[in-house]
Structure formats: C-alpha cells, structure tokens
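1. Only the shape, not the letters, is given here:
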C-alpha cells in the first residue's frame, strides 16, 4: 500500500458528513480502487483520531468488531441503528455527489 492510496482514503473519509456513514467498498470505488475495500479497512485501522473513521462501516452496516467507542460516537451524531451491531444503512448512507 502506498502513501498516495492512504492519503486518498483519508481525503474521502474527511468529507463524510456528520450524521452519515460510508462503506469500505464505497470509499475504494471513489478513489478508483474498487477491489480494495479490505485495504481501505487496513488503512483506517491504523488511523489517528483526527479523521472521522467511525463513520465507515461494512456494506451491511456492521460496526467494527471490538471498537467499543464506534457505536456511541455514531449515536451522538444521530445515526440510526437496526440492532446493536448494525447501522440502518438505508437511512444514513452518504451519497457522494
């Protein structure tokens, strides 16, 4: 993974608006690497707190397993949930113009 890929991921993540979520695959497609959703996840797993990585979920809306702060952070932004581990992706998915 190169620095250009990493910076592209963060550039997109930084534009996800408050109250919306994006998926790993969505970010991969936006940066021109549609088959690299898992690599997006690896980049975000090493990110610092200055990026809103908590707004990124799987295509089914599943939260990051073991990241106990993600749910409260999303709830604080008004993100709706289907259950304990899944956001309501139909209601809160960000649509990049």
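-> Thanks, I have the structure now. For clarity, every value in this text was computed on a predicted model and none was experimentally measured.

2. Tell me, please, where in the protein the pLDDT is lower than the cut-off.
-> Filtered on pLDDT under 70, the chain yields the residue ranges 1, 97.

3. how does it look with 80?
-> 1, 96-97 (pLDDT under 80).

4. State which helix of it is the longest.
-> If you go by DSSP state H, the chain has its longest helix at helix 3-13.

5. Quick check: next helix or strand after that helix?
-> strand 22-23 (DSSP states H and E).

6. residues making contact with the very next helix or strand once past that next one?
-> Sequence-wise, the next helix or strand beyond strand 22-23 is helix 24-30, with elements assigned using DSSP H and E. Outside helix 24-30, the residues that touch it by C-beta atoms under 8 Å, 6 or more residues apart in numbering are 9, 12-13, 34-41, 44, 56-59, 93-94, 96. For the C-beta atoms, the positions are set from N, CA and C on the backbone; glycine is no exception.

7. what does stretch 34-54 give?
-> 1, 5-6, 9-10, 13-14, 16, 23-25, 27-28, 33, 56, 64, 67, 69-70, 73-74.

8. Got a ChimeraX select line for the buried ones in these?
-> The buried residues among the contacts of stretch 34-54 can be selected in ChimeraX (16 or more other C-beta atoms under 10 Å) with this line:
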select :5,6,9,10,13,16,23,24,25,27,28,56,64,70,74
